[in-house]
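> predicted model and sequence below, questions to follow.
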Amino acid sequence: MAMEALFSVCSNSLFSANQNHKNITLSPFLTSDSLPLSSQLKLQTGVYLKLHDFPPLVVSRKKVLKCISSHERQETSSDEGESLKNGVRRKNLAVFVSGGGSNFRAIHEAILSGEVHGRFLVLVTNKHDCGGARYARENGIPVIIYPSTKNEPEGLSSNDLVAALNTYKIDFILLAGYLKLIPSELIQAYPNSILNIHPSLLPAFGGKGYYGQKVHKAVIASGARYSGPTIHFVDENYDTGRILAQRIVPVLVNDTAEELAARVLRQEHKMYAEVAAAICEERVIWREDGVPIIRNKANPQHYS
Ligand SMILES: Nc1nc2c(c(=O)[nH]1)N[C@@H](CN(C=O)c1ccc(C(=O)N[C@@H](CCC(=O)O)C(=O)O)cc1)CN2
Ligand SMILES: NCC(=O)N[C@@H]1O[C@H](COP(=O)([O-])[O-])[C@@H](O)[C@H]1O
């Protein structure tokens, strides 16, 4: 089994960006090495940022780039009594499926085991009788049909879907085998908060028409020696959003599409649970070039 996932890329370069600090500029370019764990950062505006037990940061002349440590977050956590883990609130999740829902089930099992600090409050599907919807009903998770079609006349419109998700106070939306285009209304309502898993190493073998076995057949036909799942943030087009995580598996010379699909799917389940844990613990940060990266849980000095 270990052979299947050859490696997952890891880097200890440290970047982060806080979009709220737009007009703050800093004189020296400090690297994380030069910054003691607890220090003060004097800004040209004369404002001091109190930094304590602080994951390393990289600052540049243009803007403050910083992670907020979970300790700091504790001071800002909202309502009393919310289930906090290391000062971080449990996140409300929605999942979108169209088929069997094995990724959904893998993440749900990780929630039940305590690995993921979140909870599924609603499932959205375009097929009311798919396996994912059946699993949701068996586990007391409400099911919403989207979009409205001839075959699913009780489906919601895009605006009604946004309104429905707002009532659940959803923090993140996870697409897991959902085969319809997510509308711009939802993307605008949940900026940088919608993730998708795709069964190839994007940007290769993605886009309209690339789903399910079609992806694996294209990979095999191309002669590619490696494949693997990608998790990315969702934008208006199929599979073009910012990549957050990937895993690599070998493509064997006599692989059928079904054999490759099964090898990739096993890595999908592991990777999506890890990524769900990271977003629920607020360990995803944004590099200054807009690339999202995950801070390692065991070693906050490492990112991937
Ligand atoms: N706005 C976005 N919506 C969706 C994305 C996305 O990245 N941005 N990802 C897809 C998931 N996906 C690949 O990961 C994907 C799903 C479906 C298709 C596709 O070609 N669908 C067919 C219809 C298939 C059907 O109805 O059975 C089509 O649109 O003609 C491509 C990629 C989820 N949504
Ligand atoms: N382009 C989208 C796409 O092909 N998604 C793929 O559909 C499968 C869903 O399986 P699941 O329903 O058992 O999670 C997964 O392999 C996922 O990567």
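It's in. Numbers count the residues shown, from 1 in each chain. Ligands and ions are numbered 1, 2, ... in the order given.
> let's see the helix or strand harbouring L195 as PDB, backbone CA atoms only.
Assigning secondary structure by DSSP states H and E places L195 in strand 194-198. The C-alpha coordinates for strand 194-198 follow below in PDB (Å, rounded to 0.1, in the frame of the first residue of the first chain):
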ATOM      1  CA  ILE A 194     -15.200  25.800  -1.800                       C
ATOM      2  CA  LEU A 195     -12.900  22.800  -2.400                       C
ATOM      3  CA  ASN A 196     -13.100  20.100  -5.100                       C
ATOM      4  CA  ILE A 197     -11.200  16.800  -5.500                       C
ATOM      5  CA  HIS A 198     -10.300  15.700  -9.000                       C
END
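> off-centre distance for it?
What separates the centre of strand 194-198 from the centre of its chain is 7 Å, taken as Cα atoms, centre = their mean, to the nearest Å.
> after that strand, next one along is what?
Using DSSP H and E, the helix or strand that follows strand 194-198 towards the C-terminus is helix 213-222.
> contact partners of that following helix?
Contact partners of helix 213-222, identified using Cβ atoms under 8 Å, 6 or more residues apart in numbering, comprise 198-200, 204-205, 210, 227, 251, 255-258, 260-261, 264. Where you see a C-beta, it was placed from the backbone N, CA and C, and this is true even at glycine.
> Three-state assignment for the closest residue to A164 other than its chain neighbours, please.
Closest residue in space to A164, ignoring its immediate chain neighbours: I144 at 5.8 Å, by Cβ to Cβ, 6 or more residues apart in numbering. Of the three states, I144 takes strand under DSSP: H, G, I helix; E, B strand; the rest coil.
> find me the pLDDT at I144, would you?
On pLDDT, I144 comes in at 98.
> neighbours of it, just the number please.
I144: 21 surrounding residues under other Cβ atoms under 10 Å.
> got the contact list for the residue in the stretch 151-300 of the chain that ligand 2 sits nearest to?
Closest approach between the stretch 151-300 of the chain and ligand 2, counting by Cβ to the nearest ligand atom: G177, at 2.7 Å. G177 sits next to V97, S98, G99, G100, G101, S102, N103, F104, G132, I197 when contact means Cβ under 8 Å, 6+ apart.
> now for the strand holding L195, which elements pack on it?
For strand 194-198, the helices and strands in contact under the criterion 3 or more Cβ pairs under 8 Å, 6 or more residues apart in numbering; DSSP states H and E are strand 172-175, strand 230-233, helix 257-280.
> what residues does that strand touch?
With Cβ under 8 Å, 6+ apart as the test, strand 194-198 has contacts from 103, 172-178, 182, 186-187, 206, 210, 215, 229-234, 239, 241, 244, 268, 271-272, 275, 279.
> which parts of the chain sit against ligand 2?
With Cβ under 6 Å from any ligand atom as the criterion, the chain comes near ligand 2 at residues 97, 99-103, 176-177, 197-199, 210-212, 215, 265, 268.
> PyMOL command for the buried members of those residues?
One line in PyMOL is enough to select the buried ones among the residues of the chain next to ligand 2; burial here means 16 or more other Cβ atoms under 10 Å:
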select buried, resi 97+99+100+101+102+103+176+177+197+198+199+210+211+215+265+268
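> now do the residue nearest the centre of the chain, the pLDDT please.
Of all residues in the chain, the one closest to the mean position by Cα atoms, centre = their mean is L195, 4.6 Å from it. Looking at L195, its pLDDT reads 99.
> for it, name its beta-bridge partners.
Listed by DSSP bridges, the beta-bridge partners for L195 are L174, F233.
> in stretch 291-304, what counts as buried?
Neighbour-count burial for stretch 291-304 [16+ other Cβ under 10 Å]: P292, I293, I294, R295, P300, Y303, S304.
> also stretch 153-171?
Within stretch 153-171, the residues that count as buried by 16+ other Cβ under 10 Å are G155, L156, S158, L161, V162, A164, L165, I170, D171.
> now intersect those residues with the helices, please.
Among the buried residues of stretch 153-171, the members found in helices (DSSP state H) are S158, L161, V162, A164, L165.
> just give me the closest of these to V284.
Using Cβ to Cβ, L165 comes nearest to V284 of these, at 20.0 Å.
> before we move on, the earlier item: is it correct that the residue nearest to A164 is in contact with L161?
Yes: with contacts counted by Cβ atoms under 8 Å, I144 reaches L161, the gap being 7.1 Å.
> residues from the stretch 151-300 of the chain in reach of ligand 1?
Neighbours of ligand 1 within the stretch 151-300 of the chain, by Cβ under 6 Å from any ligand atom: 175, 178-182, 196, 198, 208-211, 234, 236-239, 241.
> go again with 8 Å.
175, 177-184, 187, 194, 196-199, 206-211, 232, 234-241 (Cβ under 8 Å from any ligand atom).
> buried subset of those?
Taking 16+ other Cβ under 10 Å as the criterion, what is buried in these is 175, 177-178, 182-183, 187, 194, 196-199, 206, 210-211, 232, 234-235, 238-239, 241.
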